[in-house]
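>>> Fold the stuff below for me.
(chains A and B)
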Protein chains: 2
Amino acid sequence: MLKVVLLGGGNVAYHLTNVLLHNSDVKVVQVYNRSIQKIQYLATDTTITNRISELKEADIYIIAVSDNAIYELSNKLPFKNKFIVHTSGAVDMETLSSENRKGVFYLLQSFSRNRTIDFSTIPICIEAENKKDLALLKKMAISISTSCVEMDSNQRKNLHIAAVFVNNFVNHLYHTAQNICSSNDISFEILRPLILETASKLETLSPLDAQTGPAKRNDTKTIKAHLSALSKTQQKIYSALTTSILKTYEKKL
Amino acid sequence: MLKVVLLGGGNVAYHLTNVLLHNSDVKVVQVYNRSIQKIQYLATDTTITNRISELKEADIYIIAVSDNAIYELSNKLPFKNKFIVHTSGAVDMETLSSENRKGVFYLLQSFSRNRTIDFSTIPICIEAENKKDLALLKKMAISISTSCVEMDSNQRKNLHIAAVFVNNFVNHLYHTAQNICSSNDISFEILRPLILETASKLETLSPLDAQTGPAKRNDTKTIKAHLSALSKTQQKIYSALTTSILKTYEKKL
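You can find the predicted model right below:
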């Protein structure tokens, strides 16, 4: 059985700890967090600590903290030549301290505290310095998901950018639409079937073929009318995306 | 039974004709299109014509043509005081010729020719000049969908803008992500669970609460790294959306 120590108390750490605690191939021997309060709820399931000097023996140490804190935490670890991975899409594997063996275990999903996630479909992108460690990560990955992909740091960084587009930015477009609805006394609920269909369409059509709307049709009259109804910030989003759609289909305003 | 004449040969006309032909409350007595070839496939199911002078008697005439063609076509109709509706989100009801009674039958969904749509969940936004005609539209709407909403032209125009955000723009973000993936030898398939989860999340969380990512965290280091990896057109999309997210959560770059 793989012995794992998890370091972190954020959304990724929360969900990953939870799925690993219920995994028969993995034993979570300890969870570390700077603030012990945040991981107190785990005290009945595993050992918890807020002292870096008291980390237990494990096969894999998973650093699931914010991007900016990875370097510092990996340099504080009080041992050498153990296997340390981080869970970030945006951070190079090389950012980890060279005192230990490095790896990455990136879960390609958006985690919110109050939303249960089906881990079995989450693509897990793994990277390691050597084959033996990569095999360890693969073992852990396939014990929780059906989708495990080897990827180097540069690919993962670009995948993370793509994920920002399809998740962070898409979600903000939902938010913008909700604002437009509420300003006009329209229930946002009415957009739900369209939102789901837009995502589901990709099962049968490429985004290039699925595109519809005023920009695709180069319908300048509608585009102008839309712009005049929007706030400055909304206009900038509208213009940037419309320009890009026009370019994609080789049309000009 | 409601007698309906459909005018148009595009995606909306195609799907709407198809669903009305299989509806026991409605009889499609005729389909008109400028080009007869485009509607030839309907010849076995209903009467087809490309002559505006030969339009048959009906309770509702549905103009399902491109936004720019609605005004002209409604003015060409060779009769008076009949009930004419268009199917556009962006066009005022008043754009229709005043020779006839006016109405709108707007299907809030994105139609692609090669994609079958479940009409029963499509919100149908209706508008008419008088209550009797509105009742006719309601009868037709609830015969094909569980979701029928009365809405004036201004609300519908704003709803259409919101739909552009959650459908046209979201789909273009998918396309942009696909470009980023293919430039880095990554399968776009890997993003599918994230895309579906982003849409499904709205079942339990508002977009405001569901937001994650570098802009929400004000992670300037990652934002800069992302921008440097993007093309000029992609940068403009990234910046406009990032600025808007930062504003939403009252953060500054």
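
>>> Pull up the residues of the stretch 1-150 of chain A that are close to chain B.
Contact residues (Cβ under 8 Å from any Cβ of the partner chain) of the stretch 1-150 of chain A with chain B: A:11, A:66-68, A:90, A:108-112, A:114-115, A:117, A:121-123, A:147, A:149. For the C-beta atoms, the positions are set from N, CA and C on the backbone; glycine is no exception.

>>> From those residues, which land in helices?
Counted as lying in helices by DSSP state H, out of the residues of the stretch 1-150 of chain A next to chain B, are A:Asn11, A:Asp67, A:Asn68.

>>> of all the residues you listed, which comes closest to B:Ile60?
Nearest to B:Ile60, judged by Cβ to Cβ, of these is A:Asn11 at 51.6 Å.

>>> Excluding chain neighbours, give the residue nearest to that closest one in space.
A:Phe111 (4.1 Å; Cβ to Cβ, 6 or more residues apart in numbering or on different chains).

>>> still on that earlier bit, now, of the residues of the stretch 1-150 of chain A next to chain B, which are buried?
Among the residues of the stretch 1-150 of chain A next to chain B, the ones that count as buried by 16 or more other Cβ atoms under 10 Å in any protein chain shown are A:11, A:67, A:90, A:108-112, A:115, A:117, A:122-123, A:147, A:149.

>>> quick one: low-confidence parts of chain A?
Applying pLDDT under 70 to chain A flags the ranges A:251-253.

>>> and stretch A:217-233, which residues are buried?
A:Arg217, A:Asn218, A:Asp219, A:Thr222, A:Ile223, A:Ala225, A:His226, A:Ala229, A:Leu230.

>>> what does stretch A:24-39 give?
Result for stretch A:24-39 [16+ other Cβ under 10 Å]: buried residues A:Val26, A:Lys27, A:Val28, A:Val29, A:Gln30, A:Val31, A:Tyr32, A:Asn33, A:Lys38, A:Ile39.

>>> buried set for the longest helix seen in chain A?
Once chain A is assigned using DSSP H, the helix that runs over the most residues is helix A:232-248. Within helix A:232-248, the residues that qualify as buried are A:234, A:236-246, A:248, counting by 16+ other Cβ under 10 Å.

>>> Excluding residues flanking it in the chain, which one is nearest A:Glu99?
With Cβ to Cβ, 6+ apart, the residue lying closest to A:Glu99 is A:Lys80, at 4.9 Å.

>>> would you say that neighbour is within a helix?
No - using DSSP: H, G, I helix; E, B strand; the rest coil, the assignment for A:Lys80 is coil, not a helix.

>>> where along chain A do the strands fall?
For chain A, applying DSSP state E gives strands covering A:2-7, A:26-32, A:47-49, A:60-63, A:83-86, A:101-107, A:124-128, A:148-150.

>>> how about the nearest residue to A:Ile70, chain neighbours excluded?
Leaving aside its sequence neighbours, A:Ile70 is closest to A:His86 (4.9 Å, by Cβ to Cβ, 6+ apart).

>>> what do you get for A:Arg192?
Excluding its sequence neighbours, the residue lying closest to A:Arg192 (Cβ to Cβ, 6+ apart) is B:Leu202, at 6.7 Å.

>>> and A:Gly9, how many neighbours?
When neighbours are counted by other Cβ atoms under 10 Å in any protein chain shown, A:Gly9 registers 24.

>>> so how far is A:Phe79 from it?
Distance of A:Gly9 to A:Phe79, computed by Cβ to Cβ, to the nearest Å: 21 Å.

>>> Over to A:Ser35?
For A:Ser35, the distance to A:Phe79 - Cβ to Cβ - is 23 Å.

>>> Then A:Val91?
Taken as Cβ to Cβ, the span from A:Val91 to A:Phe79 is 21 Å.

>>> neighbour-wise, which of these two wins?
Neighbours per residue, other Cβ under 10 Å: of A:Val91 and A:Phe79, the larger number sits with A:Val91, 25 against 11.

>>> Correct me if wrong: A:Arg156 contacts A:Tyr106.
Yes - using Cβ atoms under 8 Å, A:Arg156 is in contact with A:Tyr106, at 5.8 Å.

>>> Next, show the common contact partners of these two.
Common neighbours of A:Arg156 and A:Tyr106, using Cβ atoms under 8 Å, 6 or more residues apart in numbering or on different chains, are A:Gly89, A:Cys125.

>>> Pretty sure A:Gly103 sits against A:Thr87.
No - using Cβ under 8 Å as the test, A:Gly103 is too far from A:Thr87 to be in contact (10.3 Å).

>>> if I pick the residue of chain A most remote from its centre, what's in contact with it?
What lies farthest from the middle of chain A is A:Lys221; by Cα atoms, centre = their mean that is 38.6 Å. Each residue near A:Lys221 by Cβ under 8 Å, 6+ apart is listed here: B:Asp67, B:Asn68.

>>> can you tell me how far it sits from B:Phe165?
Taken as Cβ to Cβ, the span from A:Lys221 to B:Phe165 is 19 Å.

>>> cool, A:Ser110 as well?
19 Å.

>>> State the number of residues packed around the residue nearest to A:Arg192.
With other Cβ under 10 Å as criterion, B:Leu202 counts 20.

>>> repeat for A:Thr146
12.

>>> With A:Asn154 instead?
A:Asn154 - counted by other Cβ under 10 Å - has 11 other residues nearby.

>>> swap in A:Ser200?
The burial count for A:Ser200: 14, using other Cβ under 10 Å.

>>> which ones are touching it?
B:Leu196.

>>> picking that back up, I'd like the buried residues of helix A:232-248 as TSV, with distance to B:Glu189 appended.
Putting the buried residues of helix A:232-248 into TSV (distance: Cβ to Cβ, whole Å) gives the following:
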residue	distance to B:Glu189
A:Gln234	32
A:Lys236	32
A:Ile237	27
A:Tyr238	30
A:Ser239	31
A:Ala240	27
A:Leu241	24
A:Thr242	28
A:Thr243	28
A:Ser244	23
A:Ile245	23
A:Leu246	28
A:Thr248	21
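
>>> residues near A:Tyr249, how many?
12.

>>> Can you verify my assumption that it contacts A:Gly213?
No - the pair A:Tyr249 / A:Gly213 is not scored as a contact, 10.8 Å apart, by Cβ under 8 Å.

>>> count of neighbours near A:Lys132?
By other Cβ under 10 Å, 10 other residues sit near A:Lys132.
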